[in-house]
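Asker: give me a model of this one.
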Amino acid sequence: MKSISLILFVALTTFQVQAQYATKDPANGKYGFSDKTGKMIIPGKYDAALDFKDSMAAVNIGGDFDQMHPFYGGKSGFIDMKGKEVIPPQFNNVMNFNGGYAAVAKDINDETLWGFIDKKGKQVIPFKYYVHPSTPGFQNGVVPIQLKDKEGNLQFGIINLKNQAIVPFGKYDEMDKTGFHNGLIGVMKGDTLGFVNAAGKEAISLKYYFNPEWVWGRGLPAFSEGMAKVDNKEGQIGYINLKGVEVIPFGKYQFGEPFSEGLALVTKDKSNFFIDKTGKEVISLAPYVKAWSFEGGIAMVTKKNEEIKGGVAYGFIDKTGKEVIPAKFEKISSFSEGLAAVKLNGEWGYIDKKGTLVVPAIYAGCEPFKQGKASVYNTEGKEMIIDKMGKKM
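Answerer: Presented below is the predicted three-dimensional model:
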């Protein structure tokens, strides 16, 4: 009985300690860390900080948040879940730990160069590389990264923890900057596309195509739930599995999104559908103008409604195609902590997953809920913090 109690105590303590989020401390306006209720656990001390990941949190002193890499200016380091600076702020920038390693940057000869450290602060990869902000870090002991050649051109490669290039720099012209997905990473040579595994081998040969003009603003195709949408030479889309087998044939659909929760959004002859992984059309979206991928068992949709300002109303459907939250809102956001921001009669509030307006639509703007609270704004732009009942905090 004593051992069981001890296990429960450790488990509960671990849970409580791990529930820490970067939060502005009301006492001084600096960033510290709170639990999921918003209670400060580690007092505010930092000018910028990221949520805990891999039991470590990136912190910054003297700088601020950056739109690309996490921080701008000052010095950055890491704390553990007790608030101890196990790696004191000393780097020009850092990225979150992932798999026990973190990318860190120093300015060398007027250039910001990146390397990697372990959780003790020991340097495992030298400062000589360029790391894209979207790169998650080491996955299965390898990371896609960039290095300048003798002419100063950035080249893609993949290195391991021994700083060995398992995919030589310059072998491919482009790589998926978001890293590996389902164990594979998209690579390009010229306009041909294939996929490489964590051993550096071409698991799917360079026989597909990718033209950024066809999918403007998007990165390389990536696997999601064991499927990837790829193009053929004619620009037609199809879906392949992890073995490179064409599961959903090219040319059947003119547009497609990645699979999410077992379904993918596709367009055929100006009609929209959700298909399953066999290619079966399981939901017709005929009543709707537009739809988004499923998340949490529901998908956002829009349909025409002249009574709504802008002529388009937003709602949600479930996986049977049933409209579970009526399309009656002017705008709507994704759900966060069980609530979604909605715009009604020109003002913002929040609904629950039943579509009930739990926070009245009385605000000029609002943000997603995090740790049980959200920022809302009046017409003058003044920020207020509310809880899930709409009560000011």
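Asker: mind saving the C-alpha coords of stretch 164-179 as PDB?
Answerer: The C-alpha atoms that make up stretch 164-179 are tabulated as PDB, following Å, rounded to 0.1, in the frame of the first residue of the first chain:
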ATOM      1  CA  GLN A 164      28.400  13.100 -40.100                       C
ATOM      2  CA  ALA A 165      26.500  14.000 -43.300                       C
ATOM      3  CA  ILE A 166      24.300  11.000 -44.000                       C
ATOM      4  CA  VAL A 167      23.000  12.900 -47.000                       C
ATOM      5  CA  PRO A 168      25.800  14.900 -48.500                       C
ATOM      6  CA  PHE A 169      25.400  18.700 -48.800                       C
ATOM      7  CA  GLY A 170      24.300  19.600 -52.300                       C
ATOM      8  CA  LYS A 171      23.000  16.200 -53.300                       C
ATOM      9  CA  TYR A 172      19.500  17.700 -53.300                       C
ATOM     10  CA  ASP A 173      18.400  21.200 -54.200                       C
ATOM     11  CA  GLU A 174      15.600  21.400 -51.600                       C
ATOM     12  CA  MET A 175      14.400  19.600 -48.500                       C
ATOM     13  CA  ASP A 176      11.300  19.800 -46.400                       C
ATOM     14  CA  LYS A 177      12.300  22.400 -43.800                       C
ATOM     15  CA  THR A 178       9.700  21.000 -41.300                       C
ATOM     16  CA  GLY A 179      11.700  17.800 -41.000                       C
END
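Asker: can you give me the offset of it from its chain's centre?
Answerer: When distances are taken as C-alpha atoms, centre = their mean, to the nearest Å, stretch 164-179 is centred 21 Å away from the chain's centroid.
Asker: tell me the buried residues in it?
Answerer: Using 16 or more other C-beta atoms under 10 Å as the test for burial, stretch 164-179 gives 166-167, 169, 171-172, 174-179. Any C-beta I mention is one placed from the backbone N, CA and C, and that applies to glycine too.
Asker: ok, now stretch 221-239?
Answerer: Of the residues in stretch 221-239, those buried by neighbour count under the rule 16+ other C-beta under 10 Å are 221-224, 227-231, 236-239.
Asker: need these in TSV (columns: distance to A341 and pLDDT).
Answerer: Below are the buried residues of stretch 221-239 laid out as TSV (distance: C-beta to C-beta, whole Å; pLDDT from 0 to 100):
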residue	distance to A341	pLDDT
P221	31	92
A222	28	94
F223	31	97
S224	26	97
M227	31	98
A228	32	96
K229	30	95
V230	35	94
D231	35	92
Q236	38	92
I237	32	93
G238	36	96
Y239	33	97
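Asker: so which of the residues you listed would you say is closest to W292?
Answerer: Set against W292, the nearest of the buried residues of stretch 221-239 by C-beta to C-beta is S224 (14.5 Å).
Asker: apart from its chain neighbours, what residue comes closest to the closest one?
Answerer: The spatial neighbour of S224 that comes closest, neighbours along the chain excluded (C-beta to C-beta, 6 or more residues apart in numbering), is P258 at 4.0 Å.
Asker: thanks a lot, see you next time.
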